[in-house]
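> structure for the following, please:
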Amino acid sequence: MRVRNLVVVLLFVTVIAPVVLYTDRLATFKTSSSTDEFAEDVTTIQALNGHNQRLNVLPQESSTTLKEPIGIVYSENSTKSLQNSGSSAQQHSTNIALSTQDLHLESGDHKSTRVLSATSVEENQHHDQSRKNPIREVTDATNEEKEIGEDTIDADDKADQLSDNASRNMETKREQQSTETPSKINKKVRIKIDAGKQKDQTAMPDARVRQLKDQLIRAKVYLSLPATRNNPHFTRELRGRIKEIQRALGDASKDSELARNAYEKLKAMEQTLAKGKQINDDCAAIAKKLRAMIHSSEEQLRVHKKQTLFLTQLTAKTLPKGLHCLPLRLTTEYYTLSSSRQHFPNQEKLEDTHLYHYALFSDNVLAAAVVVNSTVTHAKDPSKHVFHIVTDRLNYAAMRMWFLVNPPGEATVQVQNIEEFTWLNSSYSPVLKQLGSPSMIDYYFRAHRANSDVNLKYRNPKYLSILNHIRFYLPEIFPKLNKVLFLDDDVVVQKDLTALWSLDLKGNVNGAVETCGESFHRFDRYLNFSNPLISKNFDPHACGWAYGMNVFDLEEWKRQNITGVYHSWQKLNHDRQLWKLGTLPPGLITFWKRTYPLNRHWHVLGLGYNPSVSQKEIERAAVIHYNGNLKPWLEISIPKYRNYWTRYIDYDHIYLRECNINP
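Predicted coordinates for the structure are as follows:
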């Protein structure tokens, strides 16, 4: 009995008494006012650890393992400190927050810390629902991370980082989700939606088209390899896929133009290509074949470019069927008229120097009609405008018939035949003599030439026409006029041009718009500066100017003997060593230092070759010029510029309908 009592006493002293004492102290600890502060400190550790992970900052002493938080839960000294004063608890909290830099973030220990933090927070919420400090600490840490990453990551990266952080810390994520306000949730949804919109906006509109074309290339490569040819079943499958992709692709240039089943065909082809990749494991052979295909494609591209250039030049030289029909129809009608009806009214105005005179040299009836109609439409007083049209013998009757049937309002029209200029002969004009020379005929019409020009534009038959060169004989054609406004037949007038006749050219003969915007519009582009006659007389960097709308002072022309200057240079260029054919190079030489620059708004060029001329520039121009091969009356014209020309043609006219001329 005595031994039993002794054992009971010892058991009480060694087991029960410590349990009672410790339970009492633990209860005291739970009821103390520092419980919330302790939970805040633990949560702060967690937030700082998450922040360091987000910033990829490792502790300085990485070899130190995460130790038991002495003085927080298990240390009696720490418990006493928490019971003694709130200031001591705050000091411990500060020390704990600073000590996180020395903790090693190993997965097991870090998980223990997270569990401890979550348990403390949940216990604190159970005792006091009104306290929100731990949640506020976590939210503040999350907001801080968002602010730090705002300038370096986009919306998708933010969402990925938040999702990754939540997978590491499930308890804290639940806490954040339970306390997140609807406004924050909506903000996240908006971020994801905006990110999706940005992806849609930045997505290429032809991404799938490119992918389909890429698949075709890969499939053709596989077809050409020996391993594929030795597999008939795969070869048939691959050929079938190629046909499907070609049908689905068609002529589409954007994803929206693809067939509905294009995506299914794309996936099926991708599976077939995967089989081909397994069959053909020789990467070196595939790379060699691809290089051969690239070389072949480049060669084909070069050939196609050359063919395109040739066909474009050929199209520019030819006359459309409708424009060939029109002068024939008009000529027939002209010779059915009586002689009294073959004359134009107001012929007394042809030499009146107080009126506004235009010079137009053309063999294109429809083009000449557009020039006259557009000019008269915008003229303030059409009765003061006189049009002098010079054409060849073949189109003389047709040109007269058109303007007899379609008179330009109150304006005056004169049509002349160049064959009637008896003074214009080969003995007087060097260029006329050159155009009829055997060497020039051989240059144009010989089928096989050993030394052919790279630039085919110099072989345009228009350079053989004297109509292209009589612009240098204006005083002889109009001996009683003082000023003439020269217009090409491929221009459209959009404003009143009356002010050009009152313009002071300051002693110059030619008023023109300069074309110095690009390097190819300077003198060295048109003249051969390797020839000493050119290099010692002209500046290769001098600014060129444009033919097409030019004001010519005929009195100054006569005084400075411009026609004689032109003749002297034409004689020096008999072998075409100073410049190639055309009228601009001799014009640059003849009017060298005799040209007055006009404002650029008077004359805008490039509508016959440049698709990048801005609409604003076109709309404010007085004259727009379709210089180049893509004339507005040809099918190869630039579509967006064609309307500026067609608006001055009545396509319901009987002659146009009979010749099937449509807009």
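> and the helix or strand hosting Ala359, what's its mean pLDDT?
Here Ala359, judged by DSSP states H and E, is contained in strand 356-361. On average, the pLDDT along strand 356-361 is 97.
> residues making contact with that strand?
368, 371-372, 375, 384-391, 467-468, 470-471, 474, 477-478, 481, 483-487, 489, 497-498, 501 (Cβ atoms under 8 Å, 6 or more residues apart in numbering). For every residue, glycine as well, the C-beta is placed using N, CA and C.
> so which of those residues are in strands?
His385, Val386, Phe387, His388, Ile389, Val390, Thr391, Lys483, Val484, Leu485, Phe486, Leu487 (DSSP state E).
> ok, so of those, who is nearest Gln414?
His388 (5.0 Å; Cβ to Cβ).
> contacts only, for the closest one.
With Cβ under 8 Å, 6+ apart, His388 has these contacts: Leu350, His357, Tyr358, Ala359, Leu360, Gln414, Gln416, Ile477, Phe478, Val484.
> picking that back up, buried only: go through the contacts of strand 356-361 for me.
368, 371-372, 375, 384-391, 467-468, 470-471, 474, 477-478, 481, 483-487, 489, 497, 501 (16 or more other Cβ atoms under 10 Å).
> circling back: how about a markdown table for the ones in strands among the contacts of strand 356-361, with distance to Asn508 and pLDDT added?
Converted to a markdown table, the ones in strands among the contacts of strand 356-361 look like this (distance: Cβ to Cβ, whole Å; pLDDT from 0 to 100):
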| residue | distance to Asn508 | pLDDT |
| --- | --- | --- |
| His385 | 24 | 97 |
| Val386 | 23 | 97 |
| Phe387 | 24 | 97 |
| His388 | 22 | 97 |
| Ile389 | 26 | 97 |
| Val390 | 24 | 97 |
| Thr391 | 29 | 96 |
| Lys483 | 12 | 96 |
| Val484 | 14 | 97 |
| Leu485 | 15 | 97 |
| Phe486 | 15 | 97 |
| Leu487 | 19 | 97 |
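> check those and tell me the two furthest apart.
Thr391 and Lys483 (22.5 Å).
> quick one: residues in contact with the helix or strand hosting Lys265.
Assessed by DSSP H and E, Lys265 sits inside helix 262-279. Contact with helix 262-279 is made by 208, 211-212, 215, 218-219, 222, 227-228, 231, 234, 237-238, 241, 244-245, 248-249, as judged by Cβ under 8 Å, 6+ apart.
> try it again with 7 Å
208, 211-212, 215, 218-219, 222, 227-228, 231, 234, 237-238, 241, 244-245, 248 (Cβ atoms under 7 Å, 6 or more residues apart in numbering).
> equivalent analysis for stretch 500-510, please.
Contacts of stretch 500-510 (Cβ under 7 Å, 6+ apart): 356, 483, 485, 511, 550-553, 556-557, 560, 562, 591, 594-596.
> for these, work out which two are farthest apart.
Tyr356 and Gln560 (23.4 Å).
> these two - which one has more neighbours?
Tyr356 (22 against 16; other Cβ atoms under 10 Å).
> please save the CA atoms from stretch 345-364 in CSV.
Extracted in CSV, the C-alpha atoms of stretch 345-364 (Å, rounded to 0.1, in the frame of the first residue of the first chain):
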residue,chain,number,x,y,z
PRO,A,345,-17.5,77.6,-134.0
ASN,A,346,-15.6,80.6,-132.5
GLN,A,347,-12.6,80.2,-134.6
GLU,A,348,-11.8,83.9,-134.3
LYS,A,349,-10.7,83.2,-130.7
LEU,A,350,-7.8,81.0,-131.7
GLU,A,351,-5.2,83.8,-131.8
ASP,A,352,-6.7,86.1,-129.2
THR,A,353,-3.8,86.7,-126.7
HIS,A,354,-6.2,87.8,-124.0
LEU,A,355,-7.7,84.3,-123.7
TYR,A,356,-6.3,81.2,-122.0
HIS,A,357,-4.7,78.8,-124.5
TYR,A,358,-4.0,75.1,-124.0
ALA,A,359,-1.8,72.9,-126.1
LEU,A,360,-2.7,69.2,-126.2
PHE,A,361,-0.9,66.7,-128.5
SER,A,362,-2.6,63.3,-128.5
ASP,A,363,-3.8,60.4,-130.7
ASN,A,364,-6.2,59.1,-128.0
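> list the buried residues in it.
If you call a residue buried by 16+ other Cβ under 10 Å, then stretch 345-364 has these buried ones: Lys349, Leu350, Leu355, Tyr356, His357, Tyr358, Ala359, Leu360, Phe361, Ser362, Asp363, Asn364.
> can you put these in JSON lines and add distance to Asn627?
As requested, the buried residues of stretch 345-364 are exported to JSON lines (distance: Cβ to Cβ, whole Å):
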{"residue": "Lys349", "distance to Asn627": "31"}
{"residue": "Leu350", "distance to Asn627": "29"}
{"residue": "Leu355", "distance to Asn627": "28"}
{"residue": "Tyr356", "distance to Asn627": "24"}
{"residue": "His357", "distance to Asn627": "23"}
{"residue": "Tyr358", "distance to Asn627": "18"}
{"residue": "Ala359", "distance to Asn627": "18"}
{"residue": "Leu360", "distance to Asn627": "16"}
{"residue": "Phe361", "distance to Asn627": "15"}
{"residue": "Ser362", "distance to Asn627": "14"}
{"residue": "Asp363", "distance to Asn627": "17"}
{"residue": "Asn364", "distance to Asn627": "15"}
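> just curious, which of these is nearest to Val431?
Nearest member of the buried residues of stretch 345-364 to Val431, counting by Cβ to Cβ, is Phe361, at 14.2 Å.
> from Ala512, how far out is that closest one?
Distance, Phe361 to Ala512, by Cβ to Cβ, to the nearest Å: 17 Å.
> pull the longest helix from the chain.
As assigned by DSSP state H, the longest helix anywhere in the chain is helix 283-317.
> which SSE is immediately downstream of it?
Per DSSP H and E, the helix or strand that comes after helix 283-317 is helix 321-334.
> average pLDDT across that following helix?
For helix 321-334, the mean confidence score works out to 93.
> what do you get for stretch 409-419?
So the average pLDDT for stretch 409-419 ends up being 94.
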